[in-house]
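# Here's my sequence, what's the structure:
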Amino acid sequence: FEMKSQNFKNIILFYLFITSSSFYVPNTMKRMIIKRGLFMNKGFGSNIKPNTQKFKFSGSTKQGTLSPKREVPSHIIRPEYAETGKILTHGSPIIPWVIEQKSQEQIEKMRVSGRLAREVLDIAGKAVRAGIKTDEIDEIVHMESIKRNCYPSPLNYMNFPKSCCTSINEVICHGIPDSTALKNGDIINIDVTVYHDGFHGDCSETFCVGEIDEQAKNLIQVTYDAWQKAIKFCMPGKQYKEIGGIIHDYVEKRGYSTVKHFCGHGIGSVFHTNPTILHYRNNQPNGTMQVGHTFTIEPMICEGTAEHIMWPDKWTAATKDGKRSAQFEHTFLMTESGLEALTGKLDTSPKQWFESN
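Okay, the predicted model is just below:
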C-alpha cells in the first residue's frame with residue numbers, strides 16, 4: 001500500500017496522537033462537530049451546558065433583559081451562519097498542526113477587515129461610561145459595522161443573539177449585551193468581530209468605567225503586559241504551544257491565573273480554525289508558525305481562580321469565585337519579521353494608560 005497523500009499521512013499521525021496514552025488531550029480540543037466528527041477548538045463558540053436550576057451568580061454582575069435581535073440590511077455580505085445560526089462548512093483541518101497560509105490577496109482583504117474591526121472597537125470604547133447599558137454599546141457596534149458594509153460576526157453565530165460581547169468585571173468572556181448599566185469602577189471587555197468581503201477581523205480591549213481601584217489597574221496592566229510578551233515572542237519557526245507558557249509564567253509570578261477553557265484561534269474566511277492558541281503552559285502539537293498564518297492571541301487573566309461557571313444563557317462565562325478578569329485580543333498576520341497586528345491601533349485610536357507603563 002502506497003500512501004500518496006500527505007493528508008492521509010497527517011490523519012494517521014493525528015490518530016496516533018489522540019489514541020496514545022502518553023498524550024493529554026485537553027477539553028479545548030475535544031468538542032466534537034456533529035456530522036463530521038472532527039476535533040475543533042473552543043473559541044468563540046464554546047457551548048458548555050450550565051446548571052440552570054436555582055442558578056447562583058458568582059459576583060455582582062447579573063443577567064439582564066435582552067432587546068430584540070437587530071437586523072442587517074440585505075446588501076451586506078453575510079457569513080454562512082447568518083440566517084440559520086448553523087456552521088455548515090468547517091474550516092479547521094482535522095490535524096491541529098495543519099494551518100492555512102494566506103495568499104497575498106487574502107492577506108489584503110484581512111488587512112481591510114482588521115482595520116474596520118479596530119475602527120468599530122474604538123468607537124465602542126469611547127462610549128464606555130457610567131450609566132450606559134451594554135445593549136446600547138451593542139447597538140453602536142451594530143450600526144458602525146453596517147456603516148462600513150460589515151456584518152457583525154457574532155450575530156447569530158451558533159445562535160448568539162447580539163453583535164458583540166460585553167464582559168463586565170467577573171465575566172471572563174462571551175457576555176451578552178443586555179439591559180445592564182455600567183457603574184463607576186467597573187471594568188469591561190468589548191469584543192468586536194466584523195465580516196467584510198468574505199473575511200473576519202477580531203479584536204477586543206478592556207476599558208475602565210470612570211475611576212477604578214488599584215487592584216483592577218494591576219490586573220489590567222499585567223494582562224496587557226503578558227499579552228505583549230507573547231506577541232514579541234512570535235516569529236516564523238516558533239511553536240504555537242510556547243505562547244501559553246510565556247503568558248502563564250508571567251501572570252503566575254504576579255499572583256494571577258490564566259483561563260484554560262477558552263483559547264485563541266486561527267481566523268480568515270472562517271471565524272474559528274487552526275491553530276488553537278492556548279494561553280497556559282502546554283505541550284500540545286498545535287503547529288509551527290509560518291509566514292502567512294493569521295490567528296488571534298487573547299489571554300483571559302483572573303484575580304483569583306481561572307475556573308468558571310456558565311450562566312443560564314449558555315454563553316456567558318464568569319469566574320467561579322466572582323473575582324475580576326481582563327482580556328486583550330488582536331488578529332495577527334505572521335510575517336518574515338514577526339507579527340503584524342491586523343487589528344492594531346490606528347493614528348486616530350485613543351491610547352489607554354496601561355499602554356505607556
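
# Low-confidence bits of this structure, can you list those?
Scanning the chain for pLDDT under 70 picks out 1-53, 89-92.

# can you give me the helices in it?
For the chain, the helices defined by DSSP state H occupy 6-19, 104-126, 134-147, 214-233, 241-252.

# Would you tell me which of these gets closest to Ser58?
helix 214-233 (16.5 Å; Cβ to Cβ). For every residue, glycine as well, the C-beta is placed using N, CA and C.

# any idea how far the closest one is from the chain center?
16 Å (Cα atoms, centre = their mean, to the nearest Å).

# Contacts made by that helix with the rest, please.
185, 187, 206, 208, 242-243, 246-247, 250-251, 254, 256, 258, 297, 299, 301, 303, 324-328, 330, 332, 338-339, 341, 354-355, 357 (Cβ atoms under 8 Å, 6 or more residues apart in numbering).

# got the end-to-end distance for stretch 172-190?
11 Å (Cα to Cα, to the nearest Å).

# okay, now the nearest residue to Cys203 once chain neighbours are set aside: neighbour count?
Of all residues not flanking Cys203 in the chain, Thr343 sits nearest, at 3.6 Å (Cβ to Cβ, 6 or more residues apart in numbering). By the criterion of other Cβ atoms under 10 Å, Thr343 has 28 neighbours.

# Return the residues in contact with Thr343.
114-115, 117-118, 121, 201-203, 329-331.

# can we see that at 7 Å?
Listed by Cβ atoms under 7 Å, 6 or more residues apart in numbering, the contact set of Thr343 reads 114, 117-118, 201-203, 330-331.

# cool, Cys208 as well?
Counting by Cβ under 7 Å, 6+ apart, Cys208 touches Ile187.

# so what's it bridging to?
Under the criterion DSSP bridges, Cys208 forms beta bridges with Ile187.

# how about the strands of the stretch 201-350 of the chain, start to end?
Per DSSP state E, counting those that start in this stretch, the stretch 201-350 of the chain carries strands over the ranges 257-258, 264-266, 273-277, 294-297, 300-302, 308-310, 317-319, 325-327, 330-335, 338-341.

# Make CSV out of those strands and add mean neighbour count and distance to Ser58.
What follows is the strands of the stretch 201-350 of the chain, written out as CSV (neighbours: other Cβ atoms under 10 Å; distance: least, Cβ to Cβ, whole Å):
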stretch, mean neighbour count, distance to Ser58
strand 257-258, 21, 15
strand 264-266, 27, 24
strand 273-277, 26, 26
strand 294-297, 27, 26
strand 300-302, 28, 12
strand 308-310, 22, 6
strand 317-319, 25, 5
strand 325-327, 28, 11
strand 330-335, 23, 29
strand 338-341, 17, 33
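
# Lys54 is nearest to which of those strands?
Lys54 lies closest to strand 308-310 among these, at 13.0 Å (Cβ to Cβ).

# Within the sheet, what are the partner strands of the closest one, with directions?
Sheet pairing for strand 308-310, using DSSP bridges, gives strand 317-319 (antiparallel).

# residues making contact with the partner strand?
58-59, 170-174, 262, 302, 304-305, 308-311, 325.

# Also stretch 322-330?
58-59, 169-170, 172-173, 187, 189, 191, 202-206, 216, 219-220, 223-224, 227, 296-304, 319, 341, 343-344.

# I'd guessed Ile132 sits against Asn184; true?
No. With contacts counted by Cβ atoms under 7 Å, Ile132 stays clear of Asn184, the gap being 11.7 Å.

# out of those two, which sits in the busier spot?
Taking neighbours as other Cβ under 10 Å, Ile132 and Asn184 compare with Ile132 leading, 16 against 12.

# ok, and the closest non-adjacent residue to that one?
Leu182 (5.5 Å).

# Could I get the buried residue list for stretch 340-357?
340, 342-343, 345, 349, 352, 354 (16 or more other Cβ atoms under 10 Å).

# how about those residues in a markdown table, adding distance to Cys165?
Shown next, in a markdown table, are the buried residues of stretch 340-357 (distance: Cβ to Cβ, whole Å):
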| residue | distance to Cys165 |
| --- | --- |
| Glu340 | 24 |
| Leu342 | 19 |
| Thr343 | 15 |
| Lys345 | 20 |
| Ser349 | 20 |
| Gln352 | 19 |
| Phe354 | 20 |
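
# Out of those residues, which comes closest to Ser163?
Nearest member of the buried residues of stretch 340-357 to Ser163, counting by Cβ to Cβ, is Thr343, at 16.5 Å.

# For Glu340, list each beta-bridge partner.
Assigned bridge partners for Glu340, using DSSP bridges, are Leu333.

# Need the max-distance pair from the contacts of Thr343.
Every pair of the contacts of Thr343 checked by Cβ to Cβ; the farthest is Arg118 and Asp202, at 10.5 Å.
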